[in-house]
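[1] any chance you could fold what I've pasted below:
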Amino acid sequence: MDNLRKSIRLLFTDYCSDFILSKKDPYKYINANNFLEKGFRTFSNYSVDEIQNVYQKLDSDWFYNIHQNQDKNYFHILNHFTSKVLVEQDLEPFVVYEHLLKWRDLSYYIGEDILTTSFYACLDDRSQRKRDFFAWRPTAFSNNKRLHQLLKKGLAENHFHLKGSGPVFDLSWINIMNHPTSFEKAFDDLKKEISLLTKISNASESAKKELKILVYKAAYIRFELFRLVNKIDTDKEFVIDVSKESNSVESFDLLMNMHELSKNIEVLRYDLG
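    Numbers count the residues shown, from 1 in each chain. The predicted structure is shown next:
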């Protein structure tokens, strides 16, 4: 399972977002050569042949549906992991106790939502269930019954961290996605702080990127996905090419349409939020 975890982390965190958006065919950015190039850091103690063997395992097994071998999709690799470490109890996802450290190791880097939602999507697809409950806890608990009984008795804690007891990042991200143009000053301040640390890029895709543009792209993609899922008017008022480089010069059309995008997001929030 170590190779599976490392492969998921590589594919879902280590690939450059601009690289993926510019290669609209997934076969152009997930292939043996790209996986090998990026795998040297993730599989630091592996030889070239060993990394190639890992990719062969992905291409022949982990990219396929765990229940239907003929169905190939790169997101199926998530289900090969979650099917072993997650179970559903009372509409909530629980982590199999013996795999708790493996779960923590991976979810720390890619978040829990992508794992729990892919797990439920796979279950619901097989059972043809239309799920209508999504209010499970943001941090999945283990299925260890003895631990559950122990915690029910209560535990004493002598200190408490303000802003450290809730899903701060998740709430902040939703806020930014709902009001993408309201954080201009915060992005500029963060840009200044980062520029004080280093101006040197060691990335293989060394073109300059701006955090503000990456966030704006995320807001636009989220907006389009929301319209697609809810079957909202197919006639687009504006189209943004997210495959361009994430900086103010290359993505000028995105900056020009941000006010209109923000207004459309606000309308959808009030109509369907």
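[2] quick one: the strands in the protein?
    Assigned by DSSP state E, the chain shows strands spanning 86-89, 92-95, 141-142.
[3] from the ones you listed, which stretch is densest packed?
    Of all these, strand 92-95 carries the top mean neighbour count, a mean of 20, counting by mean count of other C-beta atoms under 10 Å. Placement of C-beta: from N, CA and C, glycine included.
[4] list of residues touching that strand?
    85-88, 103, 116, 119-120, 136-137, 140-143 (C-beta atoms under 8 Å, 6 or more residues apart in numbering).
[5] between these, which is nearest residue 247?
    residue 116 (34.0 Å; C-beta to C-beta).
[6] what is the neighbour count of that closest one?
    Residues lying near residue 116 (other C-beta atoms under 10 Å) number 22.
[7] for residue 25, see how far away it is.
    Taking C-beta to C-beta, to the nearest Å as the measure, residue 116 falls 29 Å from residue 25.
[8] next up, the contacts around residue 147.
    Neighbour list for residue 147: residue 97 [criterion: C-beta under 8 Å, 6+ apart].
[9] distance of it relative to residue 60?
    Going from residue 147 to residue 60 by C-beta to C-beta gives 38 Å.
[10] quick one: the helices in the stretch 1-150 of the chain, in order.
    Along the stretch 1-150 of the chain, counting by DSSP state H, counting those that start in this stretch, helices occupy 2-9, 17-22, 32-42, 48-57, 76-85, 100-110, 113-127, 145-152.
[11] picking that back up, quick one: closest of the strands of the chain to residue 11.
    strand 86-89 (18.9 Å).
[12] which of the contacts of strand 92-95 lies closest to residue 180?
    Distance to residue 180, by C-beta to C-beta, is smallest for residue 116 among these, at 25.6 Å.
[13] pLDDT at the residue nearest to the closest one when sequence neighbours are not counted, what is it?
    Distances taken as C-beta to C-beta, 6 or more residues apart in numbering put residue 93 closest to residue 116, at 4.7 Å, once the chain neighbours are dropped. Listed pLDDT for residue 93 reads 93.
[14] roughly how far does residue 93 sit from residue 176?
    Using C-beta to C-beta, one obtains 26 Å as the distance from residue 93 to residue 176.
[15] for the nearest residue to residue 259 once chain neighbours are set aside, which residues are in contact?
    Spatial nearest neighbour of residue 259, excluding adjacent residues (C-beta to C-beta, 6+ apart): residue 181 at 6.7 Å. Residue 181 sits next to 258-259, 262 when contact means C-beta under 8 Å, 6+ apart.
[16] just residue 237 next, same as before
    Taking C-beta under 8 Å, 6+ apart as the test, what residue 237 contacts is 260, 264.
[17] which regions of the stretch 151-273 of the chain sit below the pLDDT cut-off?
    157-160, 162-165, 194-207, 234-236 (pLDDT under 70).
[18] the same query, at a cut-off of 50, please.
    For the stretch 151-273 of the chain, the stretches flagged by pLDDT under 50 are 202, 204.
[19] what about stretch 22-42, average pLDDT?
    pLDDT averaged over stretch 22-42 gives 83.
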